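Chemist: I would like the atomic coordinates for the input below:
(one chain, ligands or ions: 1)
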Amino acid sequence: MPEARLKFLMESFLIKGGVPLHGEVTISGSKNAALPIMAAALLTGEPCIIRGVPDLSDTRFMAQILESLGATVKFERGTLTVRAQKVRGYADYELVRKMRGSICIMGPLLGRLKKARVSLPGGCIIGARPINLHLKGFEALGAKITIEGGYVSAAARQLTGVPMFLGGRAGSTVLGTANVMMAATLAEGVTVIESAACEPEVVDLANFLNAMGAKISGAGSPTITITGVKKLHGAKHEVIPDRIEAATYAIAAAATNGEVTLKGARAEHLRAVIDKLNESGVAVERRGANLLVHRKGQLKSADVTTLPYSGFPTDVQAQMMSLFALAPGISIITERIFESRFMHVSELARLGADIEIEGPSAIVKGGRPLSGAPVMASDLRASAALVIAGLAAKGATQVNRIYHLDRGYESMDAKLRKLGARIERVEEK
Ligand code: EPZ
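Modeler: The predicted structure follows:
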């Protein structure tokens, strides 16, 4: 393996914990809004200018995928200019396998070219990550689906708008809703998606598509209506702030008993998280366009169940578990969205947390002080939970394989250092 690649894979964060975080942190643009919006630029041959795109390995990767499809992509200081004058409808395994989220190129390719052939994304560490609901939506629009040799193909003479139900085993599907909504923008007639995902990232995508000339209403509700149009044109758009990043820094502030201002965080996207933090003894107060986070005295145990939006987000479950490990009493965390999203439990135990898994729930016996140790990152949000625990623990914590973190957190070590944390990026020994 080339030296540079090995270095990238084997980087770690070295954290000396016990320092309360203080100051301001600027929240970056939302990764989970940016990725489908970047894919949506494939729906037109005209240039799209997308501002506030976070500089992450996932967004850089999506830019590579768009280029492999024939688009030209310029990515400068958070502004992405995409022009997909001519695109081919084929994305190969080498590219797609590294990021499941790349499945969201399928809807735009099917909408624009009436055909798409994408490598099946496969699962990841938090679950099987099936795409049956995406394919159900494409078939409802009139596409013929074939799966062969690890690739899924969709092709249609034309796409015809229809009413459809996209609810699945865990409720709605975020990228499934995004994919079908994008394909439906260029279908003949009206598509109604029932049991659509209501996440703010879906609303942001719908706003971008409407700026491109699409006719979408109801985004943010469980029923989205798309009236097909002949063509879409280029558009300019600013991506919403990342509510999951904001929640992560809010929890880090509470875990270290500090006081942090989240610049640009939107309270209206964080209602369930703010509600649970308040219940756990943490204040989240509006300060103009920002949010101020600090403890209101002793941390308290609480129970949380992850649900589709506007319920408590699964992407904040691991980070909340680190906070509950510090709160005296029993907290029960139930994961209802993914089948195996407790990879952080055994690593948190290495820092002294007392957590037992009972089926879909983790029972956290909180209140014992944490002490630093080397731990292993496994997936994006689990890694964030380990950083939070390391910041609160006494002594040194080394979080290995932080390439997981770099996928979804822009300059996390620099942002934390600015808040007073003793954290540095080192090569794993
Ligand atoms: C999006 O993934 C996010 N990723 C995930 O964030 C997030 O955890 C997830 O939504 C849930 O909020 C991006 O937006 C890039 P789903 P997505 O389809 O769309 C089942 C992060 O950390 N399902 O809403 O792939 C699925 O198995 C990432 O930033 C089907 O059964 O998630 C899961 O149990 C991790 N069939 C549930 O639905 C399908 O066809 C929710 O998945 C699709 C999904």
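
Chemist: enumerate the residues of the stretch 201-350 of the chain near the ligand.
Modeler: 314-315, 337-338 (CB under 6 Å from any ligand atom). All C-beta spots, glycine's among them, are computed from the backbone N, C-alpha and C.

Chemist: and those, which two are furthest apart?
Modeler: Farthest-apart pair in these is 315 and 338; separation 9.9 Å (CB to CB).

Chemist: neighbour-wise, which of these two wins?
Modeler: In this view residue 315 and residue 338 are compared by other CB atoms under 10 Å, and residue 315 has more residues nearby, 24 against 20.

Chemist: helices along the stretch 201-350 of the chain, start to end?
Modeler: 243-255, 271-279, 317-324, 344-350 (DSSP state H, counting those that start in this stretch).

Chemist: packing partners of the longest one?
Modeler: Spelled out, it's helix 243-255. helix 31-40, strand 259-263, helix 271-279, strand 282-287, strand 290-295, helix 317-324, helix 380-392 (3 or more CB pairs under 8 Å, 6 or more residues apart in numbering; DSSP states H and E).

Chemist: now the angle between strand 290-295 and the third one, please.
Modeler: For helix 271-279 against strand 290-295, the angle between stretch directions is 30 degrees (axes from the mean of the first three to the mean of the last three CA atoms, to 10 degrees).

Chemist: for residue 375, what are its contacts?
Modeler: By CB atoms under 8 Å, 6 or more residues apart in numbering, residue 375 lies in contact with 347-348, 350-351, 386, 390, 397-400.

Chemist: pLDDT and neighbour count added to those, as TSV?
Modeler: Formatted as TSV, the contacts of residue 375 follow (pLDDT from 0 to 100; neighbours: other CB atoms under 10 Å):
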residue	pLDDT	neighbour count
347	97	23
348	98	27
350	98	17
351	98	24
386	98	31
390	98	27
397	98	27
398	97	19
399	97	26
400	95	21
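
Chemist: so which of the helices and strands packed on helix 243-255 is nearest residue 355?
Modeler: So among the helices and strands packed on helix 243-255, helix 317-324 is nearest, using CB to CB, at 7.0 Å.

Chemist: what is that closest one packed up against?
Modeler: Judged by 3+ CB pairs under 8 Å, 6+ apart, helix 317-324 is in contact with helix 243-255, strand 329-334, helix 344-350, strand 361-366, helix 380-392.

Chemist: just give the closest residue to residue 74, not the sequence neighbours.
Modeler: In space, and not counting its chain neighbours, residue 74 is closest to residue 81: 4.4 Å by CB to CB, 6 or more residues apart in numbering.

Chemist: hang on, the one you found in a strand?
Modeler: Yes: counting by DSSP: H, G, I helix; E, B strand; the rest coil, residue 81 falls inside a strand.

Chemist: wait, doesn't residue 81 sit right on residue 73?
Modeler: Yes: using CB atoms under 8 Å, residue 81 is in contact with residue 73, at 7.3 Å.

Chemist: circling back: residues in contact with the residue nearest to residue 74?
Modeler: 47-50, 73-74.

Chemist: isn't residue 186 right next to residue 109, touching?
Modeler: No: here residue 186 does not reach residue 109: they are 11.0 Å apart, not a contact under CB under 8 Å.

Chemist: which pLDDT value belongs to residue 7?
Modeler: Note on residue 7: pLDDT of 55.
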